[in-house]
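Asker: the amino acid sequence is not available; the structure is as follows:
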């Protein structure tokens, strides 16, 4: 188990800069997610930690030691791939024992360790089968068992759930996190799925176009996005251009279109700094639609429902206010609003986040 | 229905056209007659016995077998390594090297044969068995490269990366993971190479040292005097080898893969 640090890491493929000056720490025994759209550089970072790619510049430290020049087979890492990558010509037992062979583990110990690893991933007794005889979810468990049986310093997970069915993916998500917690291995998880990242991580690193956009705990990244990109990538957000019209010790007053003046608590505007104008971020699920009268103190605007995306317990509404369309995600109480319904849209200032305008 | 009948008849005629010469050879190999032709006098294995007693043919047969096996060995080894480089690594001049490796298929064999001879003359080297081996390997190499490359593209890089991450060094990874997964293509390539070498005649006539005969050049030499029935028997043996070995190998491969999965 070891702490992993990336110091000033750059990676170029020809003229393309895949990773731009990344400074990241993966804490010992923690579960850290690299989150971003495809091509953002998250997989490149994982592959550099693994030793499958060499950084163009910068240092990779594992457990305090620089490992840039250490080849992959001497790094003691567990690697889990999206497509499992179980050796098709080897039995499950041989697959899991593969790494033990190169660590001088005796034959009798190997059997015991393989058994133990299969127990951890809750698939006992499949040693003699071949990978093609198992389902996708089972194969991924075996891939995980193969990676953890060697007691790696770092566990690297490259979109391990993306090839699974939706239901299975959610089960595996819980289980993977539980296994990681139990064996307490430093884990780096790569995904483009924001719900996976939010559900599993101790810390999320949001990346875009080779740059680290934000590092923080799931709630932090979700509630206090550091940039417009983060706000939009983690769920749907409505973003308004606002200007600062005044402030006091507890809040900052912002002039927003359609909604008038909004007094946002200072701790919701930490990223704004001393800027005079900014962007107000309101998550779709924080916009409340109502057809009842609202009192004068509430911050609200009138709008018309343009489209409804019914999803069972929730509905996503596209609401036009003035010349802009807003997205709202509301729990359905009673009947959902119909298309064309006239509604009042309410905002709670505590639910907003404010970003500086130039980001 | 009428149209289908015509198409079926046409297909049958095409097959008859393609296979009747082979059938004739197979049939006449067992003909008791003195002459290598119809009519058939009766069933006999005498031409096979005669063949086994013909020292020139036995010598040619041995030469062909050794040459074929060595060609398979050399061109498969080079072909596998070349395919690995071409599929797994990025380097300058890759397209050029691919073209050069594949070009023996495109160049007429006579041109290739004369070219190699001129090259040897320039090096002041005499024709030899070694030259023959080099030449056959060059001719067989493109087939090995094409077959092995196609399979290698299908073997995901992740298998090798997983093995490396588990602590196997690159050489161990090749022998433990890549080669076993590549084995069907390696076998197919080797069989191709053997077959190509075994029945090559054009280039062999140019390259063989004087006094050395392979089975095809031996037959060619014998035909210049007369169509001996022995040649039919020899043809039978060659067909059995060039058709039978791949069939047996394919069957074995299927048997072993079924046993595993």
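Answerer: Yep, that arrived. Note that the structure is a prediction, hence the values are computed from the model and not measured. Numbering: from 1, shown residues only, chains lettered A, B, ... in the order given.

Asker: can we go C-alpha only for contacts and neighbour counts from here?
Answerer: OK.

Asker: from residue A:354, how far out is the residue in the stretch 1-150 of chain B that chain A sits nearest to?
Answerer: Closest contact between the stretch 1-150 of chain B and chain A, by Cα to the nearest Cα, is at residue B:90 (12.1 Å). For residue B:90, the distance to residue A:354 (Cα to Cα, to the nearest Å) stands at 47 Å.

Asker: these two: who's more crowded?
Answerer: residue A:354 (32 against 9; other Cα atoms under 10 Å in any protein chain shown).

Asker: any idea whether the more buried one is helix, strand or coil?
Answerer: Using DSSP: H, G, I helix; E, B strand; the rest coil, the structure places residue A:354 in strand.

Asker: what sits against it?
Answerer: A:268, A:269, A:270, A:271, A:272, A:278, A:279, A:280, A:281 (Cα atoms under 8 Å, 6 or more residues apart in numbering or on different chains).

Asker: which of those count as buried?
Answerer: Applying 16 or more other Cα atoms under 10 Å in any protein chain shown to those, the neighbour count classes A:268, A:269, A:271, A:272, A:278, A:279, A:280, A:281 as buried.

Asker: quick check: closest non-adjacent residue to the third one.
Answerer: The shortest distance from residue A:271 to any residue that is not its chain neighbour, by Cα to Cα, 6 or more residues apart in numbering or on different chains, is 5.5 Å, and that residue is residue A:355.

Asker: residues near the one you found, how many?
Answerer: By other Cα under 10 Å, 27 other residues sit near residue A:355.

Asker: bridged to it, which residues?
Answerer: Residue A:355 has these beta-bridge partners by DSSP bridges: residue A:279.

Asker: measure the closest residue to residue A:332 other than its chain neighbours to residue A:329 for me?
Answerer: Here the nearest residue to residue A:332 in space, its sequence neighbours aside, is residue A:314; by Cα to Cα, 6+ apart that works out to 5.3 Å. Going from residue A:314 to residue A:329 by Cα to Cα gives 7 Å.

Asker: neighbour count for those two, which is higher?
Answerer: When residue A:314 and residue A:329 are compared for neighbours, residue A:329 comes out ahead with 22 against 15, by other Cα under 10 Å.

Asker: assumed that one was part of a strand.
Answerer: Yes: assessed with three-state DSSP, residue A:329 lies in a strand.

Asker: list the contacts for it?
Answerer: By Cα under 8 Å, 6+ apart, the contact set of residue A:329 is A:284, A:285, A:286, A:287, A:314, A:315, A:316, A:317.

Asker: same thing but 6 Å
Answerer: A:284, A:285, A:315, A:316 (Cα atoms under 6 Å, 6 or more residues apart in numbering or on different chains).

Asker: among those residues, which pair sits farthest apart?
Answerer: A:284 and A:315 (10.7 Å; Cα to Cα).

Asker: near chain A, which residues of chain B?
Answerer: Within chain B, the positions near chain A by Cα under 6 Å from any Cα of the partner chain are B:158, B:159, B:164, B:165, B:166, B:167, B:168, B:169.

Asker: pLDDT score assigned to the residue nearest the centre of chain B?
Answerer: The centroid of chain B falls nearest to residue B:195 when counting by Cα atoms, centre = their mean (1.9 Å). Per-residue pLDDT puts residue B:195 at 87.

Asker: same deal with residue A:156?
Answerer: Per-residue pLDDT puts residue A:156 at 94.

Asker: beta partners for it?
Answerer: Beta-bridge partners recorded for residue A:156 (DSSP bridges): residue A:79, residue A:188.

Asker: burial count for it?
Answerer: What residue A:156 shows, counting by other Cα under 10 Å, is a neighbour count of 24.

Asker: ok, residue A:325 - contacts?
Answerer: Residues in contact with residue A:325 (Cα under 6 Å, 6+ apart) are residue A:319.

Asker: if I look at it, how far off is chain B?
Answerer: 45 Å (Cα to the nearest Cα, to the nearest Å).

Asker: what of residue A:204?
Answerer: Look at residue A:204 and chain B: by Cα to the nearest Cα, they are 24 Å apart.

Asker: may I have the beta-bridge partners of that residue?
Answerer: Here residue A:204, judged by DSSP bridges, has bridge partners residue A:33, residue A:216.

Asker: now for it: which residues touch it?
Answerer: A:32, A:33, A:215, A:216, A:217.

Asker: do residue B:193 as well
Answerer: Counting by Cα under 6 Å, 6+ apart, residue B:193 makes contact with B:72, B:140.

Asker: which stretches of the stretch 201-350 of chain A form strands?
Answerer: Ranges of strands within the stretch 201-350 of chain A are A:203-208, A:211-216, A:237-247, A:251-256, A:260-265, A:277-283, A:288-290, A:299-310, A:314-321, A:324-331, A:342-347, based on DSSP state E, counting those that start in this stretch.

Asker: now render those as a markdown table, adding mean pLDDT.
Answerer: A markdown table is the format used below for the strands of the stretch 201-350 of chain A (pLDDT from 0 to 100):
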| stretch | mean pLDDT |
| --- | --- |
| strand A:203-208 | 94 |
| strand A:211-216 | 92 |
| strand A:237-247 | 86 |
| strand A:251-256 | 86 |
| strand A:260-265 | 86 |
| strand A:277-283 | 88 |
| strand A:288-290 | 87 |
| strand A:299-310 | 89 |
| strand A:314-321 | 91 |
| strand A:324-331 | 89 |
| strand A:342-347 | 89 |
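
Asker: burial check on residue 67, number of neighbours?
Answerer: Answering for chain A, as no chain was given. 18.

Asker: hmm, no, I was thinking of chain B.
Answerer: Counted with other Cα under 10 Å, residues neighbouring residue B:67 total 22.

Asker: likewise for the one 4 residues further on?
Answerer: Applying other Cα under 10 Å, we find 29 other residues in the vicinity of residue B:71.

Asker: pLDDT score assigned to it?
Answerer: For residue B:71, the model assigns a pLDDT of 94.

Asker: what's the neighbour count on the spatially closest residue to it that is not a sequence neighbour?
Answerer: Once flanking residues are discounted, residue B:71 sits nearest to residue B:137: 5.1 Å by Cα to Cα, 6+ apart. By other Cα under 10 Å, the residues close to residue B:137 number 27.

Asker: in which helix or strand does residue B:137 reside?
Answerer: Using DSSP states H and E, residue B:137 maps to helix B:129-154.

Asker: what helices and strands are in contact with that helix?
Answerer: Here helix B:129-154 touches helix B:55-88, helix B:94-106, helix B:179-198, going by 3 or more Cα pairs under 6 Å, 6 or more residues apart in numbering or on different chains; DSSP states H and E.

Asker: so for it, what gets flagged as buried?
Answerer: Residues of helix B:129-154 classed as buried by neighbour count (16+ other Cα under 10 Å): B:131-149, B:151-152.

Asker: what does stretch A:93-103 give?
Answerer: For stretch A:93-103, a neighbour-count test (16+ other Cα under 10 Å) marks A:93, A:94, A:95, A:96, A:97, A:98, A:99, A:100, A:101 as buried.

Asker: what sits against the first one?
Answerer: What it means is residue A:93. Neighbours of residue A:93 in contact, by Cα under 6 Å, 6+ apart: residue A:127.

Asker: distance of it relative to residue A:120?
Answerer: 14 Å.

Asker: distance of the nearest residue to residue A:238 once chain neighbours are set aside from residue A:255?
Answerer: Using Cα to Cα, 6+ apart and skipping the chain neighbours, the partner closest in space to residue A:238 is residue A:282 (5.1 Å). Separation of residue A:282 from residue A:255 (Cα to Cα): 15 Å.
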